[in-house]
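In: Any chance you can model this:
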Amino acid sequence: MLISTKGRYALRVMIDLAEHRTEDFISLKDIAQRQEISEKYLESIIRMLVKAKVLESLRGKGGGYRLKKSPDQYTVGSILRLTEESLAPVSCLEQNADACPRAYHCRTLPLWQGLDKVIRDYLESVTIADLTDRSTSGDDYVI
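Out: Here you go, the predicted model:
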């Protein structure tokens, strides 16, 4: 499993919006500047998050983006599932994988299933709020 740039940047966007959370919408330009991510690339990530109803958007003057729910209601796993094709450690555990003819005899399958469970459980146990440190400005973290 390798988390793509899209997944890492989606988490950075979510953390940024959580750390700068107010009733106001935050502009794409502000997020892009703080996170040092191209606005063009960020548009596609934010579009995906809006489509999934994770963020709400407002066009025009004073427009931008904001979280639909509080940061503690978003897990890292839920965000990565939106951006990644798979979080499975091996292809036979991917969601729509064909049944492996060797599964019954596979000595390593229990290992991969256990690893998959640990990954899923861990990513579901960490929220965006957990990644937000209110004691700093929020402009200096790296994922």
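In: Using neighbour counts, pick out the buried residues of the longest helix along the chain.
Out: Counting by DSSP state H, the longest helix found in the chain is helix 109-125. For helix 109-125, the neighbour count (16 or more other CB atoms under 10 Å) marks 109, 112, 116, 119, 123 as buried. Every residue, glycine included, has its C-beta placed from N, CA and C.
In: do you know how far the second one is from T5?
Out: Shown here: W112 relative to T5, a distance of 25 Å by CB to CB, to the nearest Å.
In: before we move on, what about V76?
Out: Taking CB to CB, one finds V76 at 16 Å from T5.
In: tell me which element R21 falls in.
Out: Using DSSP states H and E, R21 maps to neither a helix nor a strand.
In: Report the separation between it and K117.
Out: Counting by CB to CB, the gap from R21 to K117 is 32 Å.
In: So what does D30 look like in phi/psi?
Out: When read as degrees, to the nearest 10, the backbone of D30 gives phi -60, psi -40.
In: tell me the pLDDT at it?
Out: pLDDT, D30: 96.
In: and the nearest residue to it once chain neighbours are set aside, how many neighbours?
Out: Closest residue to D30 in three dimensions, ignoring its sequence neighbours and counting by CB to CB, 6 or more residues apart in numbering: G64, at 7.4 Å. Counted by other CB atoms under 10 Å, the residues lying close to G64 total 20.
In: Confirm L49 sits in a helix?
Out: Yes: with DSSP: H, G, I helix; E, B strand; the rest coil as the criterion, L49 is located in a helix.
In: what residues are up against the nearest residue to it once chain neighbours are set aside?
Out: Leaving aside its sequence neighbours, L49 sits nearest to L55 (CB to CB, 6+ apart; 4.6 Å). Applying CB atoms under 8 Å, 6 or more residues apart in numbering to L55 gives the contacts 17, 46, 49, 65-68.
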